[in-house]
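**Student:** Got a predicted structure plus its sequence, pasted below:
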Amino acid sequence: MHLGRTTLSQFLIQQLKGSDQQAALADLLVDIAAAVKAISSMTAKGALAGVLGSLESQNVQGETQKKLDLLSDKAFINTFHLGGLVAGMASEENEHPIVFDDLEAPGAFLAVFDPLDGSSNIDVNVSVGSIFSILKAPEGRLPGLADFLRPGKEQIAAGYAVYGPSTMLVLTVGQGTHGFTLDREMGNFILTHPNIQIPAQTSEFAINTSNERFWELPVLRYIEECKAGKTGPRGRDFNMRWIASMVADVHRILMRGGVFMYPRDTKDPSKPGRLRLMYEANPMSLVVEQAGGKASTGHGRILEVQPDQIHQRVPVILGSSEEVDRIAGYHEAG
Ligand code: AFP
């Protein structure tokens, strides 16, 4: 692999040359890259493209939808529909899965995605992203809801795009986690971060501390120890970051280590966390684990969770393995 010259397509041909299904998966990931390029172009234009601001509508989560939420959702839906490789898809912006029943033969894959994550940052020009998760579709029939509700360990590919100063695509097909940077002049994603490895240790944590009064004891203990720094049991100072865009926070952790936490809290007892399992936690957990990190609910591996709803939420603690282990240990101790 030549850094700076290997394109996404060339890389995927190398990684996925074992079977027809692997070749089809490579094609699907190239289709996803095309949708990401379209979204990158829209976000880069900002206010000039008339795509900022909110709509009157709300999504199934009861959250106000941004214009770019829906435009990004359409970009993925059209890409998947035209590509013919996906039998059905589920997204944050649609209450129920969409099944493509007009194809000659059902596609081999299911796509689950958050078309624009962190969209409350759009209007203030802060990095946002898209997150995707790919599952195998049932053979010879159209998919039903149960076919989507698979544990994250069954994902065959996952990744995200981060629309920041540069647009990057970070993905895994189960053979490590790799980063590609969009060369806007050429319109190609170029391999710039092969085999990303998250440092096992870190001195940086990411959490929304305005929720502190709602945290459970293990989380309180961990954050207090980080804040105590050199004067406390950790014996070193920590730094804090919170971009409120999961993709941007997790990308920083992939680049330099850290731990990201959106834990279960008592703010809304009906919600076991804020982040959605199927299209935020699962894909990000696979990417993180493939980069040598860990991803836990506090009480177990996120990728083992058996979903029972498309939009269900889950506590998320992920990043540098030694910190995730420590936090899980505090949960075990109660
Ligand atoms: P939005 O898509 O509504 O901006 O939510 C983004 C997000 O799901 C995730 O990307 C952030 O990590 C998290 O919410 C931020 O939540 P808080 O606004 O409660 O900090």
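**Tutor:** Right, received. Where do you want to start? Numbers count the residues shown, from 1 in each chain.

**Student:** hey, let's count contacts and neighbours off CA atoms from now on
**Tutor:** Noted.

**Student:** quick one: the strands in the stretch 101-250 of the chain?
**Tutor:** For the stretch 101-250 of the chain, the strands defined by DSSP state E, counting those that start in this stretch cover 109-117, 128-136, 157-163, 167-172, 177-183, 188-193, 204-206, 239-241.

**Student:** Any chance you could list what contacts the last one?
**Tutor:** In other words, strand 239-241. Residues from elsewhere that reach strand 239-241 (Cα atoms under 8 Å, 6 or more residues apart in numbering): 203-207, 249.

**Student:** Let's have the strands of the stretch 101-250 of the chain in JSON lines, adding distance to Glu212, mean neighbour count and mean pLDDT.
**Tutor:** Shown next, in JSON lines, are those (distance: least, Cα to Cα, whole Å; neighbours: other Cα atoms under 10 Å; pLDDT from 0 to 100):
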{"stretch": "strand 109-117", "distance to Glu212": "23", "mean neighbour count": "26", "mean pLDDT": "97"}
{"stretch": "strand 128-136", "distance to Glu212": "25", "mean neighbour count": "26", "mean pLDDT": "98"}
{"stretch": "strand 157-163", "distance to Glu212": "28", "mean neighbour count": "27", "mean pLDDT": "98"}
{"stretch": "strand 167-172", "distance to Glu212": "31", "mean neighbour count": "25", "mean pLDDT": "98"}
{"stretch": "strand 177-183", "distance to Glu212": "32", "mean neighbour count": "22", "mean pLDDT": "98"}
{"stretch": "strand 188-193", "distance to Glu212": "35", "mean neighbour count": "22", "mean pLDDT": "97"}
{"stretch": "strand 204-206", "distance to Glu212": "13", "mean neighbour count": "22", "mean pLDDT": "98"}
{"stretch": "strand 239-241", "distance to Glu212": "14", "mean neighbour count": "15", "mean pLDDT": "98"}
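
**Student:** With distance to the ligand as added columns, please give those in CSV.
**Tutor:** As requested, those are arranged in CSV below (distance: least, Cα to the nearest ligand atom, whole Å):
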stretch, distance to the ligand
strand 109-117, 4
strand 128-136, 8
strand 157-163, 11
strand 167-172, 16
strand 177-183, 19
strand 188-193, 23
strand 204-206, 9
strand 239-241, 11
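
**Student:** Throw those into a markdown table and include distance to Gly273, thanks.
**Tutor:** What follows is the strands of the stretch 101-250 of the chain, written out as a markdown table (distance: least, Cα to Cα, whole Å):
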| stretch | distance to Gly273 |
| --- | --- |
| strand 109-117 | 16 |
| strand 128-136 | 18 |
| strand 157-163 | 21 |
| strand 167-172 | 25 |
| strand 177-183 | 26 |
| strand 188-193 | 31 |
| strand 204-206 | 15 |
| strand 239-241 | 19 |
